[in-house]
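Participant: Sequence isn't available, so here's the structure alone:
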């Protein structure tokens with residue numbers, strides 16, 4: 001308390017100590033990788049010399065030489081991978097030049113891709129062209145089928161006329177006969193058609209391995225024909241059995257079938273259809289009876305006779321099978 005006085009107490013300002021200048025921060029990683037006397041190191045060394053002159057003056061010369069050797073080895077180690085990659089790239093360039101000398105298009109990847117896609121492009125262009133033209137798909141086949149049916153009718157009509165001339169004999173031998181060029185051309189066309197049909201039948205007959213579906217169906221029909229008796233065998237069996245009722249039933253059924261074909265042809269002609277009957281009174285092509293829409297035929301009433309034996313019934317069923325098979329064969333031809 002003795003030191004304190006009443007009044008304005010002003011303390012004397014003492015000497016302010018100067019703050020030391022902060023040293024500049026060194027970069028991460030230590031010294032420069034290119035040289036131990038770079039500009040950054042020089043600047044840092046100058047700052048260190050300004051802050052602490054005593055420490056810089058106390059470094060020995062041996063430490064400086066060891067640092068220089070260490071930095072050179074580090075730089076060489078860093079640059080060694082780049083040098084090896086340069087040698088490798090040079091070898092690759094030499095290999096590329098050798099390949100180009102053998103084939104100039106060895107690296108033409110775009111050209112090879114275009115060649116691979118050329119077929120796809122051509123197919124796409126053809127599809128677009130077809131869609132623009134919009135050609136019919138089924139009319140050609142329908143026209144060919146119509147021409148085939150017309151040719152078959154002409155051949156059947158010509159054969160009928162030939163049979164009539166054979167029946168006439170020499171009755172009109174003294175008469176003059178005229179043949180037009182159109183008729184000659186028609187006869188030649190029919191002859192060529194028959195020759196082509198005969199060749200097709202020969203090819204189908206040679207198809208014994210059944211590779212074609214037509215050969216398969218023909219083989220199936222032949223096997224079924226072997227299982228049922230022929231007309232001569234059937235007549236012999238009926239004669240031996242002495243069953244006259246079965247014979248009458250078969251004849252009646254045959255007459256009914258012929259009458260049915262004649263009536264159907266008559267009804268079709270009344271509707272304006274052109275239906276042709278052969279010499280036996282059967283319809284040449286039953287497809288002429290088809291009309292637009294659903295074609296439903298009336299079922300023929302069948303009568304059974306108690307006097308017919310089981311043997312005659314089996315013969316009648318085989319006869320029906322033969323007729324149906326014949327119609328199917330004519331249809332698929």
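Facilitator: Yep, that arrived. Values in this document were obtained by computation on a predicted structure and should not be read as measured data.
Participant: hey, let's count contacts and neighbours off CA atoms from now on
Facilitator: OK.
Participant: Least confident secondary structure element in this protein?
Facilitator: Averaged element by element with mean pLDDT, DSSP states H and E, the chain has its least confident helix or strand at helix 53-57 (a mean of 47).
Participant: Residue 148 and residue 154, how far apart?
Facilitator: Here residue 148 is placed at a distance of 10 Å from residue 154 (CA to CA, to the nearest Å).
Participant: What is the burial count for residue 265?
Facilitator: The burial metric for residue 265, expressed as a neighbour count using other CA atoms under 10 Å, is 23.
Participant: wait, what's in contact with it?
Facilitator: Remark: with contacts taken as CA atoms under 8 Å, 6 or more residues apart in numbering, residue 265 is in contact with 275, 276, 277, 283, 289.
Participant: So which of those is the closest to residue 81?
Facilitator: Taking CA to CA as the measure, residue 81 sits nearest to residue 289 out of the contacts of residue 265, at 93.7 Å.
Participant: Quick check, pLDDT for that closest one.
Facilitator: At residue 289, the predicted lDDT confidence score is 65.
Participant: for residue 238, same thing?
Facilitator: Reading off the per-residue confidence, residue 238 sits at a pLDDT of 47.
Participant: Likewise for residue 149?
Facilitator: Each residue has a pLDDT score; the one for residue 149 is 90.
Participant: Now do it against residue 189, distance only.
Facilitator: For residue 149, the distance to residue 189 under the criterion CA to CA works out to 14 Å.
Participant: Kindly report the same for residue 102.
Facilitator: Separation of residue 102 from residue 189 (CA to CA) stands at 63 Å.
Participant: Mind checking which of these two has more residues around it?
Facilitator: Using other CA under 10 Å as the criterion, residue 102 and residue 189 rank with residue 189 on top: 14 against 9.
Participant: could you measure the more buried one against residue 196, distance?
Facilitator: If you go by CA to CA, the gap between residue 189 and residue 196 works out to 11 Å.
Participant: what does residue 90 give?
Facilitator: Remark: distance between residue 90 and residue 196 (CA to CA) = 74 Å.
Participant: domains of the protein?
Facilitator: Residue ranges for the domains of the chain, per automatic domain parsing: 39-102, 148-169+178-206, 210-289+310-333.
Participant: Could you list the low-pLDDT ranges of this structure?
Facilitator: Along the chain, segments meeting pLDDT under 70 span 1-70, 82-85, 87, 207-216, 226-259, 279-281, 284-333.
Participant: The same query, at a cut-off of 80, please.
Facilitator: Within the chain, the ranges that satisfy pLDDT under 80 run 1-89, 114-137, 170, 172-173, 177, 203-333.
Participant: tell me which residues of stretch 156-176 are tucked away?
Facilitator: Buried positions in stretch 156-176, judged by neighbour count with 16 or more other CA atoms under 10 Å: residue 156.
Participant: count of neighbours near residue 196?
Facilitator: Residues within reach of residue 196, counting by other CA under 10 Å, total 12.
Participant: likewise residue 75?
Facilitator: Neighbours of residue 75 under the rule other CA under 10 Å: 14.
Participant: now do residue 269
Facilitator: 14.
Participant: can you tell me how far it sits from residue 147?
Facilitator: As defined by CA to CA, residue 269 lies at a distance of 21 Å from residue 147.
Participant: And residue 183, by the same measure?
Facilitator: Summarising the geometry, the distance separating residue 183 from residue 147, computed by CA to CA, is 17 Å.
Participant: Residue 283: how many residues sit nearby?
Facilitator: Neighbours of residue 283 using other CA under 10 Å come to 19.
Participant: got the contact list for it?
Facilitator: Counting by CA under 8 Å, 6+ apart, residue 283 touches 261, 262, 265, 275, 276, 277.
Participant: quick one, phi psi at the fifth one?
Facilitator: So the one you mean is residue 276. For residue 276, the backbone dihedrals (degrees, to the nearest 10) come out as phi -110, psi 130.
Participant: which helices and strands does the one helix or strand residue 124 maps to pack with?
Facilitator: Assigned by DSSP states H and E, residue 124 belongs to helix 118-133. Secondary-structure packing of helix 118-133 (3 or more CA pairs under 8 Å, 6 or more residues apart in numbering; DSSP states H and E): no helix or strand packs against it.
Participant: Could you tell me which residues make contact with residue 269?
Facilitator: Contact criterion CA under 8 Å, 6+ apart gives residue 275 as the residues in contact with residue 269.
Participant: That one - that's part of a helix, no?
Facilitator: Yes. Residue 269 forms part of a helix when assessed by DSSP: H, G, I helix; E, B strand; the rest coil.
Participant: Return the distance of it relative to residue 262.
Facilitator: Here the distance between residue 269 and residue 262 works out to 11 Å (CA to CA).
Participant: Likewise for residue 133?
Facilitator: Separation of residue 133 from residue 262 (CA to CA): 47 Å.
Participant: Same question for residue 272.
Facilitator: Following CA to CA, the distance that separates residue 272 from residue 262 is 15 Å.
Participant: higher neighbour count, these two?
Facilitator: Remark: of residue 272 and residue 262, residue 262 carries more neighbours, 16 against 9, as counted by other CA under 10 Å.
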